[in-house]
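1. Below are the sequence and a predicted model; questions follow.
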Amino acid sequence: MTARSSLTIVLAAGEGTRMQSSLPKVLHPVAGQSLLAHVLGAAPKGGGTALAVVIGPDHQAVADEAKRIRPDALSFVQRDRLGTAHAVLAAREAILRGADDLLVAFGDTPLISAATFARLRAPLREGAALAVLGFRAADPTGYGRLVVEGDRLVAIREQADASAAEKKIALCNAGVMAMDGRRALAILDKIGNANSKGEYYLTDAVGIVREQGWEAVVIETGEDEVRGINTKAQLAEAEAVLQARLRKAALEAGVALIAPDTVYLAADTSFGKDVTIEPFVVIGPGVSIADGAVIHSFSHIVQTAIGRNASVGPYARLRPGTSLGDGARIGNFVETKAATLEAGVKVNHLSYIGDATVGANSNIGAGTITCNYDGFSKHKTTIGKGAFVGTNSSLVAPVKIGDGAYIGSGSVITRDVPDDAMALERSQQTIREGGAARYREMKTRDKKPKG
Ligand code: UD1
Ligand code: MG
């Protein structure tokens, strides 16, 4: 059987004022990614799939986020917010291109999975015109209720239009649906706005499908997958659901999470084999951790690649653009940013390594700072292989330290250091024989009680 083509339309024109935020709702993050990124990540991808996002006016940032995730994403502006069917039709141009399956999802419902999209599409292959995602709500208030006869879907009744009996139905509309692409416009164009809100309801598609004598079905899923986000509290609930999923998946993949509930992961965190993560670690987006690496407690890691058998923390902060080679060691109170630390590099204590490259097996002493910023621009520090940077050195960038070079402790290095050279930058030390004893004697004399 040849694969069916698809168009996924993600509705994201909602204003989201209840988030109490100036950020468009769908750009709020959970598990290190925007709500929109989660939905787009679950949508069908690859050959024969197209994607469109419907955004509100002045929400170019939402279109940009869609493009960042899926360069092929189209975006359409819905000028007036006249309902979910009206929003879908804002993408008419994309629908006219004629995909086999039309999928509609909400941008504020981030926990939806790729498997659910696939389950929704299956009935279309069997000839159904419409498949609606349903769930049994603990509290159905506010959701559209699914009116069914056997396994056939008869209608979706919005809360505002539901009878007392219909309000008792627990089976609710998740908002996600799949429509036969060939019949989609015939269905959507018939939807009117004769309801209590005067909106064009996508849910009216069910009645229209039935009138045509076509088939509409329900596919059920768990409530956790279809949580919609309207408030910061719901955002936090979604975060909790996602973290639980990510921790479980990491444990199943063999990651040793000693106290899983204290470790925060991102949706895109990738792990090798035999990785250990100690309690209280926060991992943001773009992190990969290779085989055998250990992340010690209280470390915070974002956009970083960690090599095999590397060791990080406790109390390390690895910022975007960090790359640690195999066996590299980052110790306590070390911060890195845009830094490539090759295999076997040690930065064990109290350092800042930013905009820097450190060659294999170099040792960076406690308190070393790359002075990368002059108040106007950032500059690079390049350290060769097998170098030794003594404790409490300041490396004033731009500066290069050669292979095998040795920097004496406490030096402020402002000029390049050649391979195998020793650089020392300190004032001469003075020794006064007996000076300490004389000093003590003087101080004791001064302190003698008066009178
Ligand atoms: C909708 C469903 C309801 C379902 C519920 C699930 C309809 C008519 N109702 O109700 O059956 O139980 O979701 O959460 O579909 N949007 C636009 N433009 C519009 C209107 C909405 O883009 O003109 C987008 C919103 O940004 C949001 C989504 O569509 O992402 C749903 O809109 P919302 O107003 O939240 O619909 P509900 O009343 O929750
Ligand atoms: Mg809603």
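-> Yep, that arrived. Values in this document were obtained by computation on a predicted structure and should not be read as measured data. Ligands and ions are numbered 1, 2, ... in the order given.

2. Which residues in the helix or strand hosting V147 does the neighbour count mark as buried?
-> Using DSSP states H and E, V147 maps to strand 145-149. Under the neighbour-count criterion of 16 or more other Cβ atoms under 10 Å, strand 145-149 has R145, L146, V147, V148 buried. In this view, the C-beta of every residue, glycine as well, is placed from N, C-alpha and C.

3. Over to stretch 77-85?
-> V77, Q78, L82, G83, T84, A85.

4. these two touch, right, the second one and I9?
-> No - counting by Cβ atoms under 8 Å, I9 is not a contact partner of Q78; they are 11.0 Å apart.

5. between these two, what contacts are shared?
-> Common neighbours of Q78 and I9, counting by Cβ atoms under 8 Å, 6 or more residues apart in numbering, are V54.

6. can you pull the contacts of the one residue in the stretch 201-350 of the chain that gets nearest to ligand 1?
-> Distances between the stretch 201-350 of the chain and ligand 1 by Cβ to the nearest ligand atom are smallest at Y201, namely 3.7 Å. Residues near Y201 by Cβ under 8 Å, 6+ apart: G83, T84, A85, I156, E158, I191, N193, N195.

7. let's see 10 Å
-> Listed by Cβ atoms under 10 Å, 6 or more residues apart in numbering, the contact set of Y201 reads 83-86, 144, 156-158, 161, 191-195, 207.

8. Skipping its backbone neighbours, what lies nearest G144 in space?
-> Excluding the flanking residues, the one nearest G144 by Cβ to Cβ, 6 or more residues apart in numbering is N173, at 3.7 Å.

9. how about that neighbour, secondary structure?
-> With DSSP: H, G, I helix; E, B strand; the rest coil as the basis, N173 sits in strand.

10. That one contacts A162, doesn't it?
-> No - with contact defined as Cβ atoms under 10 Å, N173 does not count as touching A162 (11.4 Å).

11. Please say which of the two ends up with more neighbours.
-> N173 (25 against 18; other Cβ atoms under 10 Å).

12. Quick check: residues of the chain near ligand 1?
-> When proximity is defined by Cβ under 6 Å from any ligand atom, the chain lies next to ligand 1 at 11-14, 54, 78, 81-84, 86-87, 106-108, 143-144, 156, 158, 172-175, 201-203, 228.

13. Restrict those residues to the buried ones and give me that as a ChimeraX selection.
-> Selection of buried members from the residues of the chain next to ligand 1 for ChimeraX, criterion 16+ other Cβ under 10 Å:
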select :11,12,13,14,54,78,82,83,84,86,87,106,107,108,143,144,156,158,172,173,174,175,201,202,203,228
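
14. In helices, which of the residues of the chain next to ligand 1 appear?
-> T84, H86, A87 (DSSP state H).

15. Can you tell me which of those is closest to E252?
-> Closest approach between those and E252, by Cβ to Cβ: T84, at 36.5 Å.

16. Can you tell me how far the closest one is from E215?
-> Distance from T84 to E215, counting by Cβ to Cβ, to the nearest Å: 21 Å.

17. just to revisit the earlier point, can you list residues touching both of N173 and A162?
-> P140, Y143, G144, R145, I156.

18. Pretty sure the first one sits against E158.
-> The one in question is P140. No - assessed by Cβ under 10 Å, P140 is found out of contact with E158, at 11.7 Å.

19. what about the closest residue to R319 other than its chain neighbours, neighbour count?
-> The spatially closest residue to R319, leaving aside those adjacent along the chain, is K337, at 3.9 Å (Cβ to Cβ, 6+ apart). Other residues near K337 come to 21 when the count uses other Cβ under 10 Å.

20. tell me what the helix or strand that contains K337 is packed against?
-> Here K337, judged by DSSP H and E, is contained in strand 334-341. In terms of contacts (3 or more Cβ pairs under 10 Å, 6 or more residues apart in numbering; DSSP states H and E), strand 334-341 is packed against strand 304-306, strand 316-318, strand 322-324, strand 329-332, strand 346-349, strand 352-358, strand 369-371, strand 381-383.

21. Can you tell me the strand partners of it and which way each runs?
-> strand 316-318 (parallel), strand 322-324 (parallel), strand 352-358 (parallel) (DSSP bridges).
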